[in-house]
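>>> Mind looking at a prediction? Sequence and model below.
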Amino acid sequence: MDRSASGSTAAASSRPSAAVEKVHDFAGKLQQPSLWPKVLDYVKWQRALRAAEAAGRAAPDMPELAPLSINLDLTTACNYACDHCIDWDILNSRVKHEDDQLRASIERMAERGLRSVILIGGGEPTLYPGFVDFVAFLKQLDLSVSVVTNGSRGDRILKAAPHFTKGDWVRLSLDSGSNDTFVRMHHPSNKRLTLDEICSWIPKIKAVNQELSMGFSFVITWVGGSRGEVKVVENIHEMVAAAKRASDASFDYISFKPFLERQEDGAEVLDPAKTEAELQAVIARIQANLEEARGVVRDDFKVLASTNLRVLMSGTWRDYTKQPKVCHMQMLRQVVTPLGTYNCPAHRGVEKAKLGDKNLWAVAAAGQHDTTRVLRDFDAQVECGEVTCLYNGTNWWLEELVNASAPLPEEAPGCEQRDWFL
C-alpha cells in the first residue's frame with residue numbers, strides 16, 4: 001500500500017487492493033460529486049489546522065460539517081443472547097433515545113451533509129417502538145437507509161419495505177444453515193422462532209419492494225474463538241447450506257465474514273493468533289466451503305467474502321492494523337447510540353472513543369467542537385494498533401491529501417455511484 005504524499009491527483013491512492021470488497025472502497029465513494037465538496041472542506045481545514053500549529057497560530061474552527069454517514073443504534077434492547085455477540089456488554093442497558101430529540105439531531109445533521117444512515121446495534125433496531133415510522137422519517141429527509149437486523153421481526157421489515165428506495169439494503173445476521181445451529185448460536189428469547197420462519201419473510205418483502213436489496217450475513221466461527229469465557233459454536237461446516245438456503249429464500253446475496261473479538265480496551269479485533277497452530281487448516285476449510293457455496297446458488301445470487309475475510313485468507317490482515325495517527329474517518333462517519341456518540345463502530349460504547357452525548361449534533365457547534373477534540377486526542381496508531389480496520393486505506397489516502405502541497409481539484413475526481421454508506 002503506497003502511503004507517499006504525492007498528491008498529484010486526488011485519486012492517487014484511492015484504488016482498493018484486490019483484498020478490499022467493492023462496498024468497502026470508501027475512498028472511491030468519497031470522490032463522488034455528491035460527497036466530494038464535504039471532503040474538500042475537511043481536507044482544507046486539516047491543512048489549515050496543521051499550518052497554524054506549525055506556525056504557533058490559533059487553530060481555525062472546523063467548518064460547518066457533519067458526518068456523511070452514521071451507524072445509528074435505535075435501541076440497546078435485544079431479544080437474542082448470541083454467544084459471539086461483539087456488543088454483549090452494552091445490550092439491554094435500558095438507556096433510551098427520546099424520539100423527538102433523536103429526530104431533531106438527524107434533521108440538523110442532514111442540513112450539514114449527512115447522506116446515509118445504517119440502523120444497526122448495540123441492540124436490535126426492529127425492537128424500537130417506532131421503527132417503521134422512523135424509517136419513513138429518514139426517507140423523507142432523502143437519506144439512504146439500511147438495516148442490520150437479527151431477523152426476528154420480519155413483520156416490521158415488511159411494513160417498512162415500501163419506504164426504501166433503490167440502493168437501500170437490509171441485512172439479516174443469521175450465521176447458520178440449519179435451525180439447530182441457529183438456535184445454539186443465537187438463543188432467541190422466542191423459543192419457537194426458527195431459521196425457516198425468518199427466511200420465509202424474504203419473498204414477502206421482495207414482493208412489496210423488489211428494489212430493496214436483501215442480504216444474509218454469516219459470521220464464520222471456529223473452535224478456539226470466544227467472548228470472554230464463553231466459547232462460540234463453530235459453523236464453518238454450514239457455509240454451503242446457508243448459501244443454498246439464502247439463494248432459495250430470495251435473498252440477493254450472502255456475505256461471509258470472520259468472527260471478531262473485543263479486547264480489554266474495548267476495540268473490536270480480528271484475533272486469529274488464538275488458533276495460530278490450526279489457522280491454515282481453518283482457512284483451507286473456509287476456502288473450500290466458499291468455492292462449494294458458489295456452485296449451489298442461482299445465477300443472479302452473489303456469494304461475497306468480506307474484506308476482513310479476504311485479508312485473513314491472504315495472510316495480509318496485519319497490514320490493515322498499521323494506522324495513521326489521525327483517523328480522518330472520525331469526521332466522515334460516526335456512531336450514534338442511546339449511550340452517546342462514538343468515533344467508530346469498532347469502539348461502540350468505549351469511553352475513550354466517545355465524542356459526546358446521544359444528541360451531540362442537535363446543538364450547532366457541539367459536534368464540530370467534540371469531533372475536533374477527538375481528532376486531536378485519539379491516537380489511532382495506538383488505540384487501533386490491533387484493529388484490522390476497513391477504513392485503513394481510506395485514512396491513509398486522506399492523510400496523503402492533507403500532507404500534499406498540490407491544490408485540490410474542485411471538480412470531483414470520481415463518478416456518481418449514489419452509494420453513500422461509509
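Okay, I see it. Numbering: from 1, shown residues only.
>>> and Phe218, what element?
Secondary structure assigned from DSSP states H and E places Phe218 in strand 213-220.
>>> Then Ile254?
strand 253-258.
>>> With Val117 instead?
Counting by DSSP H and E, Val117 is found in strand 116-120.
>>> Tell me the helix or strand right after that strand.
Counting by DSSP H and E, the next helix or strand C-terminal to strand 116-120 is helix 131-140.
>>> and the gap between Phe182 and Pro188?
8 Å (Cβ to Cβ, to the nearest Å). For every residue, glycine as well, the C-beta is placed using N, CA and C.
>>> so where is the stretch 151-300 of the chain shaky, pLDDT-wise?
Low-confidence regions of the stretch 151-300 of the chain, defined by pLDDT under 70, span residues 224-230, 260-277.
>>> got the contact list for Pro60?
Residues in contact with Pro60 (Cβ atoms under 8 Å, 6 or more residues apart in numbering) are Trp45, Ala48, Leu49, Ala52.
>>> do the same with Leu119
Neighbours of Leu119 in contact, by Cβ under 8 Å, 6+ apart: Leu72, Leu74, Pro125, Phe131, Phe134, Val135, Val145, Ser146, Val147, Val148.
>>> pretty sure the last one belongs to a strand, no?
Spelled out, that is Val148. Yes: Val148: assigned to a strand according to DSSP: H, G, I helix; E, B strand; the rest coil.
>>> Give me the next element, helix or strand, following the biggest helix by length in the chain.
If you go by DSSP state H, the chain has its longest helix at helix 36-55. Heading C-terminal from helix 36-55, the first helix or strand you meet, by DSSP H and E, is strand 69-73.
>>> Taking the centroid of this protein, which residue is nearest it?
Pro345 (6.4 Å; Cα atoms, centre = their mean).
>>> thinking again about what came up before, export the contacts of Pro60 to a markdown table and tack on pLDDT and neighbour count?
Below are the contacts of Pro60 laid out as a markdown table (pLDDT from 0 to 100; neighbours: other Cβ atoms under 10 Å):
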| residue | pLDDT | neighbour count |
| --- | --- | --- |
| Trp45 | 97 | 20 |
| Ala48 | 97 | 15 |
| Leu49 | 97 | 18 |
| Ala52 | 97 | 13 |
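>>> between these, which is nearest Ala66?
Checking those against Ala66 by Cβ to Cβ gives Trp45 as the nearest, at 13.6 Å.
>>> Contacts only, for the closest one.
Taking Cβ under 8 Å, 6+ apart as the criterion, Trp45 is in contact with Pro60, Met62, Pro63.
>>> Now do the first one against Pro407, distance only.
It stands for Pro60. For Pro60, the distance to Pro407 - Cβ to Cβ - is 18 Å.
>>> What residues of stretch 362-370 count as buried?
Ala362, Val363, Ala366, Gly367, Gln368, Asp370 (16 or more other Cβ atoms under 10 Å).
>>> How about stretch 407-418?
By 16+ other Cβ under 10 Å, the buried positions in stretch 407-418 come out as Leu408, Ala412, Pro413, Gly414, Gln417.
>>> out of the residues you listed, who's nearest Met239?
Of the buried residues of stretch 407-418, the one sitting nearest to Met239 (Cβ to Cβ) turns out to be Gln417, at 29.5 Å.
>>> if I look at that closest one, how far off is Ser213?
To Ser213, Gln417 is 14 Å away according to Cβ to Cβ.
>>> Equivalent analysis for Glu291, please.
Glu291 is 24 Å from Ser213, by Cβ to Cβ.
>>> Kindly report the same for Gly393.
Distance, Gly393 to Ser213, by Cβ to Cβ: 24 Å.
>>> Those two: who's more crowded?
Gly393 (26 against 19; other Cβ atoms under 10 Å).
>>> Within the helices and strands, which one has the more buried one?
helix 392-403.
>>> Likewise for Val303?
Val303 belongs to strand 302-305 when assigned by DSSP H and E.
>>> other SSEs contacting the helix or strand containing Ala110?
Following DSSP H and E, one finds Ala110 within helix 99-112. Applying 3 or more Cβ pairs under 8 Å, 6 or more residues apart in numbering; DSSP states H and E, one finds that helix 99-112 makes contact with helix 131-140.
>>> Now do the helix it packs on against helix 99-112, angle only.
Relative orientation of helix 131-140 and helix 99-112, computed by axes from the mean of the first three to the mean of the last three Cα atoms, to 10 degrees: 20 degrees.
>>> Just the angle for helix 131-140 relative to strand 116-120, thanks.
Counting by the same axes, to 10 degrees, helix 131-140 points 170 degrees away from the direction of strand 116-120.
>>> Averaged pLDDT, helix 131-140. What do you get?
Helix 131-140 carries an average pLDDT of 98.
>>> Summarise which helices and strands it is packed against.
Contacts defined by 3+ Cβ pairs under 8 Å, 6+ apart place helix 131-140 against helix 99-112, strand 116-120, strand 144-149, helix 154-160.
>>> Could the C-alpha coordinates of the second one be exported in PDB?
Coordinates of the C-alpha atoms in strand 116-120 are reproduced here as PDB (Å, rounded to 0.1, in the frame of the first residue of the first chain):
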ATOM      1  CA  SER A 116     -26.800   7.800   4.800                       C
ATOM      2  CA  VAL A 117     -27.900   6.100   8.000                       C
ATOM      3  CA  ILE A 118     -27.300   2.400   8.900                       C
ATOM      4  CA  LEU A 119     -29.800   1.200  11.500                       C
ATOM      5  CA  ILE A 120     -27.900  -1.300  13.500                       C
END
